[in-house]
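Student: Pasting the sequence and the predicted coordinates here, then a few questions.
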Amino acid sequence: MHSEYAQKILPLLLFVVIVPLCAQTREQSYFPGPSYYGTGTWNADSLGNHRVVVKVTDKTDAVVAHIPWRRRDRNPERKAIEVIDASSGKRILNVACVDINREFGDIVFQPMTVPGNYYVYYLLYRSKGTNYPRGYYLPAEQTADPAWLRLHKLDDQESAENVLRSFPDAELVQFQSIDEFNSFYPMEVIATKSEVEHLLKMNRRADYLVFPEDRKDAIKMTTDLAAKWIMDGPRKAFGGFVHKGEFYAFQLGLYAARTRIEGVKIAISDLRRSDGGSIPASSLMSFNTGGIDWQGREFEKTVTVEKGTVQALWMGMEVPTDAASGSYQGVITITPRGLKPTKVKIRLDVSDMVLAESGDSDPYRLTRLRWLNSQLAADDSIVPPFVPMTVQDNVITCLGRRLSISPSGFPQSIISHFSPENTSLVTGGRELLAAPVRMIIENSKGKAEEWKSNEYEITKRAQGAVAWRSRSTAGPIGVSLNAQMEFDGYVDFRVTLTAKENTTVKDIRLEIPLRKDVAKYSMGMGLKGGYRPDSISWTWDAKLNHDAFWIGDVNAGLECSFRDENYVRPLNTNFYQSKP
C-alpha cells in the first residue's frame, strides 16, 4: 500500500474496528472516530469556536446529552454552556449541567423542536482591550426555571445524578469547530484517566514512552496524552512520503511516564535503500536539542521532561535533490541521561518529483522549521534588490539612504533619497535631522558634562554591513560606542558608560533632533499611528510592549527602539515581563 495513502486510510480503518468496542457507559466514555469531527458556520464572537451537535427524536420535556468531549482545558465546570435550537436559532434556557468534567459532560435540557438538532456551545469567550486584547471564558450561569428543575428532580446534585438515566438520550451527531485551524481533533482530544492507567499497565517496565508523529499531527499538549496515542500505542516505527529536495519535518512525542527525564540525546543512522544509495545522517536537524544561533554559533540545549508530561521533539531531514526514488530506512535513537535508549525505525518513501525550494511554498509541510538554523545573510552579503554599501570619509550609503557619522559615533546627518510619490530615488534627498544626535549626561547639579570624542574608526567594510567604533568622555564618565549599519538601513548602537570615579548623575538622555517638516506622523510609546502630537509625556510600562517609536513622513522617517543585553522579542509575547 502506498505509504501516503496508508497514513490517511489506516486511521479510518482503525476507528471502524475500535469505536464499537469502546462505546461504553457514561462513566467510562468513549473516543469517537474521525467522522464525528467536522466544521460548521456560526458567529464565533458570541458563541466561541466549538460546539457539539446532538439530535433529539423523542417528544419529551427533558432529554440528556452525554458528550464525551475529552477537553484539554482545566475546570470546565466553571465555564459557560449554551444550548441552541438549530431550527429556530433560539437559546434553550431550561438547561441543567449535571456532571461537567474534562472527560465528558452530562447535560439535561428541554427540547423545543422534535425531532430536531441542537447545538451545545462550550468554551464561549470574550475579549477586552484593543491593541493587546486579552481573552477570557464566560463563567457558568444558571438559566433554568426553578419549577422545571424541581419537576425533574434536577434542583440538587445528588437527586440529579440519581434520575439522569431516566431521561431519553440525545444522539451525538458531531463535534464541530469554527474552522479546521481551531479543531481539537486529533491531537487535542485527551485520553481519559483510566486509559492512561491502562497504557502504563501495559508498559509497566518503561520509564518513558515514545510516540512518533508526522508533521500533519503537531503535538500540542504537554500535560495530557492524546487519545490517539492510546489507540496507536507507543510505536517503534513510522514513515513518511516525501519528494526529492523536500525538507521532511516530523516529531517524537516523549512521555515521561514514571520518572523525570534529563539530558535527552538524539542520534540517527544513515537512511539506506536496499539496492544501494543513502540519505546521510548529517542531513538531520534536531531542533529541541541544539542548532545554530543568530550569530552563527552552534549551541546545545538540555531537554528536561517532568514526570507525567510530554515533550515534542521536532526534527527534520533534507532529502537530496539527486536522491534516487524508492524506500529509505534508518534508525533514530533517543537516549535520556541514565535511562535505556529507545530505537525508532524510520522509513521515507521518496517519489520521482523534485520539490522546489524544499517545499517552502506549502506551509502545511512545515519545511520552514529549518530556517531556525539558517545562515542566510550571516556573512554580511546582500540580497536583491539591495545594493552594496559604500563608505566615503564619514558618509555611509545604502539603498536610498545616506548616514554621516559624527566624531562621537552617533549620526550627524541622515538623508533619504526616496521620492514621496513612489520608491524611485531622487537626487539631493531629504534631511531627517535638525542637528546631530547627542547623548547628554547631566551631573548632580543638572549641568551637562562636556563631551570629548576621539575620531571614530571604521572596523568593518562589507557589501552588506559597515561597522565603526568611537571612544569619548563626558566628565568623569567614559563612553564606548560600537555601531553597525546594514544594507537595509538598520543601525545597531551599543553604548557602554563607565564611571572612572564615584559619580552622581541627575539624568542620562538621548536627543534625536528631527526636522519639523519630516516629523509629520508618529506611532509607538502608547500612540496609535497618526499625526504627531505637539508633545508627549511617556513613562515606560514593563507590562506593555512599548519598546520603540517611529516619527516621519511618507518618504522619510526614523524608528528608534531601546534594548538591553537581554533583549528578546518573540512574536506576540509580552517580552519585558520576565526580563531585566
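Tutor: That came through fine.
Student: Flag every buried residue along the top strand by length along the chain.
Tutor: Ordering each strand of the chain by length in residues (DSSP state E) puts strand 342-354 first. For strand 342-354, burial by neighbour count (16 or more other Cβ atoms under 10 Å) applies to 342, 344, 346, 348, 349, 350. (Each C-beta comes from the backbone N, C-alpha and C, glycine too.)
Student: Repeat that for stretch 100-119.
Tutor: Judged by neighbour count (16+ other Cβ under 10 Å), stretch 100-119 contains these buried residues: 100, 102-111, 117-119.
Student: circling back to that earlier point, can you name the next helix or strand after the longest strand of the chain?
Tutor: Read in the C-terminal direction, the helix or strand following strand 342-354 is strand 390-392, with elements assigned using DSSP states H and E.
Student: Show me the contact partners of that following strand.
Tutor: Taking Cβ atoms under 8 Å, 6 or more residues apart in numbering as the criterion, the residues outside strand 390-392 that touch it are 396, 397, 458, 461, 466.
Student: one step back: now the buried residues of strand 342-354 in JSON lines, with distance to residue 403 and pLDDT?
Tutor: Formatted as JSON lines, these follow (distance: Cβ to Cβ, whole Å; pLDDT from 0 to 100):
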{"residue": "342", "distance to residue 403": "56", "pLDDT": "96"}
{"residue": "344", "distance to residue 403": "54", "pLDDT": "96"}
{"residue": "346", "distance to residue 403": "52", "pLDDT": "95"}
{"residue": "348", "distance to residue 403": "50", "pLDDT": "94"}
{"residue": "349", "distance to residue 403": "54", "pLDDT": "95"}
{"residue": "350", "distance to residue 403": "50", "pLDDT": "94"}
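Student: So which helix or strand of the protein has the lowest pLDDT on average?
Tutor: Ranked by mean pLDDT, DSSP states H and E, the weakest helix or strand in the chain is helix 3-22, scoring a mean of 34.
Student: and stretch 511-524, which residues are buried?
Tutor: So stretch 511-524, judged by 16+ other Cβ under 10 Å, has buried residues 512, 514, 518, 519, 521, 522, 523, 524.
Student: which one among these gets closest to residue 47?
Tutor: Proximity of these to residue 47 was ranked by Cβ to Cβ; the top entry is residue 523 with 34.5 Å.
Student: Which of the buried residues of stretch 511-524 fall within helices?
Tutor: When helices are assigned by DSSP state H, not one member of those lies inside them.
Student: which one of these sits closest to residue 559?
Tutor: Distance from residue 559 was checked for each of the buried residues of stretch 511-524 by Cβ to Cβ. The minimum falls on residue 524, at 7.9 Å.
Student: List the residues that contact residue 163.
Tutor: Remark: with contacts taken as Cβ under 8 Å, 6+ apart, residue 163 is in contact with 152, 153, 154.
Student: before we move on, back to that, helices or strands up against the longest strand of the chain?
Tutor: Taking 3 or more Cβ pairs under 8 Å, 6 or more residues apart in numbering; DSSP states H and E as the contact definition, the neighbouring helices and strands of strand 342-354 are helix 3-22, strand 209-214, strand 237-244, strand 326-335.
Student: circling back to that earlier point, need the contacts of strand 390-392 in CSV with distance to residue 261 and pLDDT, can you?
Tutor: CSV is the format used below for those (distance: Cβ to Cβ, whole Å; pLDDT from 0 to 100):
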residue, distance to residue 261, pLDDT
396, 51, 96
397, 54, 95
458, 51, 95
461, 49, 95
466, 47, 97
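Student: ok now do residue 247, which residues does it touch?
Tutor: For residue 247, the contacting residues are 316, 317, 318, 319, 358, 359, 365, 367, 369, 370, taking Cβ under 8 Å, 6+ apart as the criterion.
Student: Who wins on neighbours among those?
Tutor: residue 317 (26 neighbours; other Cβ atoms under 10 Å).
Student: what's near enough to touch it?
Tutor: For residue 317, the residues meeting the contact criterion (Cβ under 8 Å, 6+ apart) are 247, 248, 271, 279, 283, 284, 285, 348.
Student: Let me know the closest of those to residue 82.
Tutor: In terms of Cβ to Cβ, no member of the contacts of residue 317 lies closer to residue 82 than residue 248, at 43.2 Å.
Student: I would like the residues contacting stretch 220-230, please.
Tutor: Residues outside stretch 220-230 that contact it (Cβ under 8 Å, 6+ apart) are 31, 70, 72, 186-192, 195-196, 198-199, 211, 217, 219, 253, 255, 308-311.
Student: oh sorry, the question was meant for stretch 180-195
Tutor: For stretch 180-195, using Cβ under 8 Å, 6+ apart, the contacting residues are 11, 28-29, 31, 34, 37, 39, 49-50, 70-72, 102-103, 175, 177, 199, 213, 217-221, 224-230.
Student: For that stretch, C-alpha coordinates in CSV please.
Tutor: Extracted C-alpha coordinates of stretch 180-195, given in CSV (Å, rounded to 0.1, in the frame of the first residue of the first chain):
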residue,chain,number,x,y,z
GLU,A,180,-10.0,23.4,10.7
PHE,A,181,-7.5,25.5,12.4
ASN,A,182,-9.5,25.5,15.7
SER,A,183,-10.3,21.8,15.6
PHE,A,184,-9.2,19.7,18.6
TYR,A,185,-9.0,16.5,16.5
PRO,A,186,-6.9,14.5,16.9
MET,A,187,-4.0,15.9,18.9
GLU,A,188,-6.0,18.0,21.4
VAL,A,189,-8.5,15.2,22.3
ILE,A,190,-7.4,13.9,25.7
ALA,A,191,-7.1,10.3,26.9
THR,A,192,-9.1,9.5,29.9
LYS,A,193,-7.6,8.8,33.3
SER,A,194,-8.5,5.1,33.0
GLU,A,195,-6.9,4.9,29.6
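Student: quick one: buried residues of it?
Tutor: Neighbour-count burial for stretch 180-195, with 16+ other Cβ under 10 Å as criterion, is recorded at 183, 184, 185, 186, 187, 188, 189, 190, 191, 192, 195.
Student: for the second one, helix, strand, or coil?
Tutor: Look at residue 184: counting by DSSP: H, G, I helix; E, B strand; the rest coil, its state is coil.
Student: What pLDDT does the model give it?
Tutor: On the pLDDT scale, residue 184 is placed at 96.
Student: I appreciate the help and will end here.
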